[in-house]
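Asker: this is a predicted model, with the sequence first.
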Amino acid sequence: MDFDKKIILKKTPSENLPSITGLIDESKLKINYRHLLNPAQFEAVSSLNGSYLIIAGAGSGKTRTLVFRVARLIELGFPPESILLLTFTRKAANEMMNRASLILDDRCSKIRGGTFHSFANLTLRKYAKAAGLSHSFTILDQSDSEDVVNLIRSSYPGLKKDKRFPNKQTLFKVFSLSVNTNRTVEDILLDEYPHFYQEIDKIIEIQKAYSAYKKKNSLLDYDDLLICLLDFLNSGSPAANSLLKTVNFLMVDEYQDTNKLQADIVLALSRNRKNVMVVGDDSQSIYAFRGANFKNIMDYPNLFENTKIIYLEENYRSTQEILDFANRIIDSAIEKYPKVLYTNKTGGERPTIIAAHNENMQSKFIVQKILQLREEGIPLSEIAVLFRASFFSFNLEIELGKANIPFVKFGGMKFVESAHIKDIIAFLRIALNENDFVSWLRVLLLLPKIGPKSAQKVMDLISAGQISIKNHPDKLPSLIAEKFYDLFSVLHIISMKEKSVSEKAQLVIDYYYPFFRDKYDDFNSRKKDLDILLTITSNYRSLDSFISDMAIEPPVQSVVDVEAESKESEYVTLSTIHSAKGLEWNTVFIIHALDGFFPMSKAMDKSENIEEERRLMYVAVTRSKENLFITLPMNIYDRESGTTFSKPSRFLTDIPPKLMQGCMLEEEYDNDYYF
């Protein structure tokens, strides 16, 4: 018997992992970690096996800590693909991998990094069969999901036109909260929408119909991605076990922002090897309205045995005066991990609390102070005005305009939420999934003299399999071909595999352009977005990956939204506090720091809501590097009760005088105010 051929038996991932025992000789490592990190950061970075909770105070270098830990694990010989880093934005994941590559080498870019949703998408597409899914499932973004709910809602026979019923946005929010918080629809209605509770039976029926519709048409919304991933990981299937064996080190950023589903996914991913490190700050947990669960970070040590807690308390952003102020605010929190932020920076002024007679005086003071800071050499780009709710800044926006101070207000429309971009993407989604009837309806209604009834007839034929984009349009029934031949021709071509993603997008744009010109008066501005979309498609080799990314990690801004802003190279930032998390400025103004405004009056019914508002104030304060101004308009106009005298925010009333300076604005003359 001859044995002239060889078969190489590859090692399993676990066999490939290096054995690290005893003390590590730091001098043999390329990077001097101990020198480049503070003691707490080094302790976190040098941690290996086991469970770790890193409580990273504001501005304490948590990203730096994660970056250096990635580099160190790879330097120690662990394969990059055995490291999984989960974040809340792709930008954060890419930034960490790029920074790690710069301090070590290109191996760091090969770790598995991304958001929970992007990791779920990649995993479910790879293991679709084992997860019980079609490989060609389509991902619905939030607006698409709301449209599906509306489709079901509008055809529901039990609704009475003379009686109020939740709209599509409310219904979808209730369904999504139920999934992300592990609460029943009934409980959510009782807590947040009691006026709709009598419609509970109809709402639950619509929820069931929504789930059935998605399943029938191979559609997954954001929540489904996480549900299906968790079910797959917990299935015990050979495919799931194979995946779990490849994850040796799991790291999770911003753990305080995870919801119940995401926390369960972390637990499932770390089942085989308990090497998990989560990084977060309980004092910055501010997204309960999205389903984030503050208890996740508080209960983490109970989920993993022998969890070691490491505190990062040295702040590299703010002056000690601002940190003392922030420490005092959070010190009154009912439930927290005890930490005290400190810095080695010297100098700084105590935060200033300014009482204004009314809202307009508040706005004029801010304008005057911004102009003064500008003269002192602080650029407008280093100045921000933060507020609890978007409408608080309306009066200020008018005064900034009068003074010719350019500003940008954050919270605008995302690129893929622009109607013209959604139109283009609808064509491409149909090419991937012919049963995506939300996209069909959008596309069909673009055509002249086609209304909802005509569109529904076409969709019924598609659903019944009587017509299909997979067939040449010559096979269309004559009545359909008369109106829809050109549309089906384009869809037939882009459904073929031969053409690239860019070529398919170009075909759609060429067909769409006449409708585009007729539909939008500002098409000249909007058409720049079409060019950007074409550029984006050139980076993709497959249509499904492009469509998935547009749903999960879309570009943020449209040219239409930013074109006017780009003419100014420098501007003041106006932002809600939620949108400002993770950012920093030299000077920060926090406006409307009044009870009923901050905390919001609707938060005062539950202690946990008040506590989240407290954390929101902490986040706002810790955005500032050197100057912090908190303003209180003492007389507020209310439509029902007229002008009323307001009270300072309860979060400020117990701040001792030694930690702040208080000022009252007084009128000088000619409507000018001095400070």
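Answerer: In hand now; what should we look at?
Asker: what residues are bridge-paired with L219?
Answerer: Beta bridges link L219 to T138, judged by DSSP bridges.
Asker: got the contact list for it?
Answerer: By CB atoms under 8 Å, 6 or more residues apart in numbering, the residues touching L219 are 137-140, 148, 213, 433, 435-436. Quick note: C-beta positions are derived from backbone N, CA and C, even for glycine.
Asker: out of those, what pair is the most spread apart?
Answerer: Largest separation among these by CB to CB: I139 and Y213, giving 14.9 Å.
Asker: coming back round to it: of the contacts of L219, which is the nearest to L102?
Answerer: Comparing those against L102 with CB to CB places I139 closest, at 32.5 Å.
Asker: give the closest residue to the closest one in space, chain neighbours not counted.
Answerer: The spatially closest residue to I139, leaving aside those adjacent along the chain, is A551, at 4.0 Å (CB to CB, 6 or more residues apart in numbering).
Asker: can you tell me how far the one you found is from T115?
Answerer: The spacing between A551 and T115, counted by CB to CB, to the nearest Å, is 12 Å.
Asker: what about the two, which has more around it?
Answerer: Neighbour tally, A551 and T115, criterion other CB atoms under 10 Å: the higher count belongs to A551, 23 against 19.
Asker: how many other residues sit next to E81?
Answerer: 15.
Asker: that one reaches T246, doesn't it?
Answerer: Yes: E81 lies in contact with T246 (CB atoms under 8 Å); the separation is 6.8 Å.
Asker: where does the stretch 351-500 of the chain have low pLDDT?
Answerer: Scanning the stretch 351-500 of the chain for pLDDT under 70 picks out the ranges 411-416.
Asker: was I right about L445 contacting Q456?
Answerer: No: in terms of CB under 8 Å, L445 does not count as a neighbour of Q456; the distance is 10.7 Å.
Asker: more neighbours: which of the two?
Answerer: It is Q456, of L445 and Q456, that has more neighbours when counted by other CB under 10 Å, with 16 against 13.
Asker: gap between the two ends of stretch 469-485?
Answerer: Distance across stretch 469-485, first residue to last, is 11 Å (CA to CA, to the nearest Å).
Asker: quick revisit: look at I139 and Y213 and report which has more neighbours.
Answerer: A count of neighbours by other CB under 10 Å puts I139 above the other of I139 and Y213, at 25 against 17.
Asker: which strand of the chain spans the most residues?
Answerer: If you go by DSSP state E, the chain has its longest strand at strand 624-638.
Asker: give the pairing partners of that one; include direction for each.
Answerer: Sheet pairing of strand 624-638 (DSSP bridges) gives strand 352-358 (parallel), strand 585-590 (parallel), strand 642-645 (antiparallel).
Asker: whichever helix or strand comes after the longest one versus strand 352-358: what angle between them?
Answerer: Translated: strand 352-358. As assigned by DSSP states H and E, the chain's next helix or strand after strand 352-358 is helix 359-375. Interaxial angle, helix 359-375 versus strand 352-358 (axes from the mean of the first three to the mean of the last three CA atoms, to 10 degrees): 140 degrees.
Asker: now helix 359-375 - C-alpha only, CSV.
Answerer: Provided in CSV are the C-alpha atoms of helix 359-375 (Å, rounded to 0.1, in the frame of the first residue of the first chain):
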residue,chain,number,x,y,z
GLU,A,359,-35.1,82.9,28.5
ASN,A,360,-34.2,85.8,26.2
MET,A,361,-31.7,87.2,28.8
GLN,A,362,-30.2,83.7,29.0
SER,A,363,-29.8,83.6,25.2
LYS,A,364,-28.2,87.1,25.1
PHE,A,365,-25.8,86.2,27.8
ILE,A,366,-24.6,83.1,25.9
VAL,A,367,-24.2,85.2,22.7
GLN,A,368,-22.2,87.8,24.6
LYS,A,369,-20.0,85.2,26.3
ILE,A,370,-19.3,83.4,23.0
LEU,A,371,-18.2,86.6,21.4
GLN,A,372,-15.9,87.3,24.4
LEU,A,373,-14.4,83.8,24.4
ARG,A,374,-13.8,84.2,20.6
GLU,A,375,-11.8,87.4,21.2
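Asker: could you point out the helix or strand that follows that helix?
Answerer: Where DSSP H and E defines the elements, the next helix or strand beyond helix 359-375 is strand 383-387.
Asker: which stretches of the stretch 201-350 of the chain form strands?
Answerer: For the stretch 201-350 of the chain, the strands defined by DSSP state E, counting those that start in this stretch cover 219-221, 249-252, 276-280, 308-312.
Asker: name the single longest helix found in this structure.
Answerer: Assignment by DSSP state H gives helix 501-519 as the longest helix of the chain.
Asker: check which element follows that helix along the chain.
Answerer: Immediately after helix 501-519, counting by DSSP H and E, sits helix 523-537.
Asker: if you average the pLDDT over that following helix, what comes out?
Answerer: Averaging pLDDT along helix 523-537 yields 78.
Asker: ok and that helix relative to helix 501-519, angle-wise?
Answerer: With the same axes, to 10 degrees defining the directions, helix 523-537 sits at 170 degrees from helix 501-519.
Asker: next, the buried residues of the helix or strand just after helix 523-537.
Answerer: For helix 523-537, the following helix or strand on the C-terminal side (DSSP H and E) is helix 543-552. Within helix 543-552, the residues that qualify as buried by neighbour count (16 or more other CB atoms under 10 Å) are 543-544, 546-552.
Asker: and helix 543-552, what does it pack against?
Answerer: Under the contact criterion of 3 or more CB pairs under 8 Å, 6 or more residues apart in numbering; DSSP states H and E, helix 543-552 touches helix 116-126, strand 138-140, helix 419-432, helix 501-519.
Asker: just to revisit the earlier point, mind putting the contacts of L219 into TSV with distance to K483?
Answerer: Formatted as TSV, the contacts of L219 follow (distance: CB to CB, whole Å):
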residue	distance to K483
F137	30
T138	25
I139	30
L140	28
V148	25
Y213	26
N433	23
N435	21
D436	21
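Asker: quick one: which of those is nearest V278?
Answerer: The shortest approach to V278 among these belongs to I139, at 26.2 Å (CB to CB).
Asker: skipping adjacent residues, who's closest to A356 in space?
Answerer: Closest to A356 by CB to CB, 6+ apart is Q362, at 4.1 Å.
Asker: measure the one you found to I354 for me?
Answerer: For Q362 relative to I354 (CB to CB), the value is 8 Å.
Asker: overlap in contacts, those two.
Answerer: With CB under 8 Å, 6+ apart as the test, Q362 and I354 both reach 631-632, 665.
Asker: of those, closest to I467?
Answerer: Using CB to CB, T631 is the member of those that sits closest to I467, with 62.6 Å.
Asker: next, the contact list for I103, please.
Answerer: The contact partners of I103, taken as CB under 8 Å, 6+ apart, are 31, 67-68, 71.
Asker: in CSV, list those along with pLDDT, distance to G348 and neighbour count.
Answerer: Listed next are these as CSV, based on pLDDT from 0 to 100; distance: CB to CB, whole Å; neighbours: other CB atoms under 10 Å:
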residue, pLDDT, distance to G348, neighbour count
I31, 90, 32, 16
V67, 93, 28, 24
F68, 95, 28, 24
A71, 93, 33, 24
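Asker: of all those residues, which comes closest to N259?
Answerer: The closest of the contacts of I103 to N259 turns out to be V67 (CB to CB; 25.6 Å).
Asker: how about the helices in the stretch 1-150 of the chain?
Answerer: 13-16, 33-36, 39-45, 62-75, 90-103, 116-126, 142-154 (DSSP state H, counting those that start in this stretch).
Asker: fine by me, we can end here.
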